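Novice: no sequence on this one, just coordinates:
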């Protein structure tokens, strides 16, 4: 799995961090998404897909 985030689209809602805090974080200066792990292990797939689904700005892409 490969995760891609588009910080240009991010609105800083933080839903991704709530869904998968070991994969996503928010920058202190502006609250925008920060990708901690672009290739999380397979057991995290459900949570990472959920993070992408609940992102209000559609700023997260998950590729298999």
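Specialist: Thanks, I have the structure now. No experiment lies behind these values; they were computed from the predicted model shown. Residues are numbered from 1 along each chain as shown.
Novice: what residues sit buried inside stretch 4-21?
Specialist: Of all the residues in stretch 4-21, those buried under the rule 16 or more other C-beta atoms under 10 Å are 5, 10, 13, 14, 15, 16, 17, 19, 20. Where you see a C-beta, it was placed from the backbone N, CA and C, and this is true even at glycine.
Novice: filter the residues you listed down to just the ones in helices.
Specialist: Among the buried residues of stretch 4-21, the residues falling in helices (DSSP state H) are 15, 16, 17, 19.
Novice: would you confirm that residue 37 contacts residue 25?
Specialist: No. Checked against C-beta atoms under 8 Å, the pair residue 37 and residue 25 is beyond contact range at 10.0 Å.
Novice: residue 50 should be in a helix, yeah?
Specialist: Yes. Using DSSP: H, G, I helix; E, B strand; the rest coil, the assignment for residue 50 is a helix.
Novice: for it, which non-adjacent residue is closest in space?
Specialist: residue 19 (4.8 Å; C-beta to C-beta, 6 or more residues apart in numbering).
Novice: any idea how far residue 7 is from the spatially most distant residue from the centre of the chain?
Specialist: Ranked by distance from the centre of the chain (C-alpha atoms, centre = their mean), the top residue is residue 29, with 17.5 Å. Distance from residue 29 to residue 7, counting by C-beta to C-beta, to the nearest Å: 12 Å.
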